[in-house]
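>>> what follows is a predicted structure for the sequence shown.
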Amino acid sequence: MLARSSRPLQPLAQRLCLCLAMALGGLALHAGAEEPNTVQIATNVERSFFGPTETLLRKAYASLGLQVEFLAWPLPRIQMELRSGRVDAVAMRAESYFEQTPFVRKVDVPLLELQVYAFARPPCPTVLPVEALAQHRVSYQRGMVAAEVLVPEASRLPANTPSDAFLNLGSGAADYALMLSTPWMSAMPVDMRQGTLCRVPTPLSRATMFHGVHESHAAWVAPLEQALRGLRERGEMAQAWADYERQTGAQPNRLQAQPGRSLTVTAPATTGSAPARPPR
């Protein structure tokens, strides 16, 4: 009797198991869909030293099985897109940025140390004390926290890009322009239509740069730290920067400042050719 009554239940049990499996499979697919196939990383419009950073971050994310897409945007837009969660990470920001932006988690492995340099119309002083900035009009890229914290609010003249900050300087709207850079790259002459700028050789401050991810991807922080720490310990990180410096500094290159654009590294004119003219 029990054997006969159990047979009609078998098809029902099979259907219930099938429905449960489909439901669990759907939940798994939904959970997987929340993770991006390609990580969108916002980078600065200023691209003059981002090559090695992008290579290192691609390697770190590849260790997580993730591909990377870099988006070159102005810093205020990056902040807006990060706040809304429409991008996943920011390539490289100073430590003070993370103190002001709690919804971005710092990946605590230094990528690069940059310095804040002041530029002026010639002649440049040998040293510019930070406190002296309060007596001048100072332009810098809007959203560049490492520079902004040095300039009293009444002296600030924010610009969309470092090029625009230099153009403010060249036009006379600003007395100084600040830029985050490496010592060797900051030594390149900056050319504009108004002439060539000079650099104050003593930096105003230093800033250690870190990668950051949106808080919704906090689970990435530990494995990214492990991957980047491995790149550093194997010497790949130092080698990437050394190779870039050697390639870029092989010739007496110059930087060109153009409205609304990134600074462009240009090679000197070849022998026998006409001198290179800044774009108009």
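Thanks, I have it. Numbers count the residues shown, from 1 in each chain.
>>> got any ranges where the protein has weak pLDDT?
Low-confidence segments of the chain (pLDDT under 70): 1-36, 46-49, 249-251, 260, 268-280.
>>> name the single longest strand found in it.
strand 104-120 (DSSP state E).
>>> any idea how far A242 lies from T182?
The gap separating A242 from T182 is 12 Å, by CB to CB, to the nearest Å. Where you see a C-beta, it was placed from the backbone N, CA and C, and this is true even at glycine.
>>> return the backbone torsion pair for the nearest residue to L75 once chain neighbours are set aside.
Leaving aside its sequence neighbours, L75 sits nearest to G143 (CB to CB, 6 or more residues apart in numbering; 2.8 Å). For G143, the backbone dihedrals (degrees, to the nearest 10) come out as phi 90, psi 0.
>>> could you do the one 3 residues further on as well?
Listed backbone geometry of A146 is phi -60, psi -30, with angles given as degrees, to the nearest 10.
>>> in the stretch 151-280 of the chain, which spans are helices?
Remark: helices assigned in the stretch 151-280 of the chain by DSSP state H, counting those that start in this stretch are 162-171, 183-186, 221-233, 236-248.
>>> in the third one, what's buried?
By neighbour count, with 16 or more other CB atoms under 10 Å as the criterion, the buried positions of helix 221-233 are 221, 224-225, 227-228, 231.
>>> can you check the shortest one too?
Of the residues in helix 183-186, 185-186 count as buried by neighbour count, 16+ other CB under 10 Å.
>>> and what of stretch 102-112?
Residues 104-107, 109, 111-112 are the ones in stretch 102-112 that count as buried (16+ other CB under 10 Å).
>>> would you check which pair of the residues you listed lies furthest apart?
Taking CB to CB as the measure, the buried residues of stretch 102-112 span a maximum distance of 18.8 Å, between R105 and L112.
>>> leaving out sequence neighbours, find the closest residue to S155.
V138 is the one closest to S155 (CB to CB, 6+ apart), at 5.1 Å.
>>> hmm, I was thinking of R93
In space, R93 is closest to G212, 5.8 Å off (CB to CB, 6+ apart).
>>> can you pull the contacts of that neighbour?
Counting by CB atoms under 8 Å, 6 or more residues apart in numbering, G212 touches 89-90, 93, 97-98, 101, 104-107.
>>> repeat that for F210.
Applying CB under 8 Å, 6+ apart, the residues contacting F210 are 92-95, 98, 106-111.
>>> equivalent analysis for P74, please.
P74 neighbours (CB under 8 Å, 6+ apart): 45, 142-143, 160-161.
>>> can you redo these as JSON lines with distance to L128 and neighbour count?
As requested, these are exported to JSON lines (distance: CB to CB, whole Å; neighbours: other CB atoms under 10 Å):
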{"residue": "V45", "distance to L128": "25", "neighbour count": "20"}
{"residue": "R142", "distance to L128": "21", "neighbour count": "19"}
{"residue": "G143", "distance to L128": "22", "neighbour count": "18"}
{"residue": "N160", "distance to L128": "24", "neighbour count": "18"}
{"residue": "T161", "distance to L128": "22", "neighbour count": "22"}
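>>> which of the residues you listed lies closest to A207?
Closest to A207, out of all of the contacts of P74 and judged by CB to CB, is G143, at 13.7 Å.
>>> the closest one is in contact with M80, isn't it?
No. In this structure, G143 is not within contact of M80 by CB atoms under 8 Å, at 10.1 Å.
>>> V200: neighbouring residues, count only.
V200 is flanked by 18 other residues according to other CB atoms under 10 Å.
>>> from L263, how far out is it?
The span separating V200 from L263 equals 17 Å under the rule CB to CB.
>>> next, C124: secondary structure please.
Per DSSP: H, G, I helix; E, B strand; the rest coil, the local secondary structure of C124 is coil.
>>> surely it meets V190?
No. Using CB under 8 Å, C124 makes no contact with V190, being 11.5 Å away.
>>> neighbour count winner among the two?
A direct count of neighbours by other CB under 10 Å for C124 and V190 places V190 higher, at 23 against 16.
>>> give the bridge partners for that one, please.
For V190, the beta-bridge partners under DSSP bridges are L197, L255.
>>> quick one, strands of the protein?
For the chain, applying DSSP E gives strands covering 38-44, 67-73, 89-94, 104-120, 138-141, 156-159, 176-181, 190-192, 195-199, 205-214, 254-256, 264-266.
>>> is it possible to export the ones you listed to TSV including distance to Q247?
Below are the strands of the chain laid out as TSV (distance: least, CB to CB, whole Å):
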stretch	distance to Q247
strand 38-44	20
strand 67-73	20
strand 89-94	19
strand 104-120	16
strand 138-141	25
strand 156-159	29
strand 176-181	17
strand 190-192	20
strand 195-199	22
strand 205-214	20
strand 254-256	16
strand 264-266	10
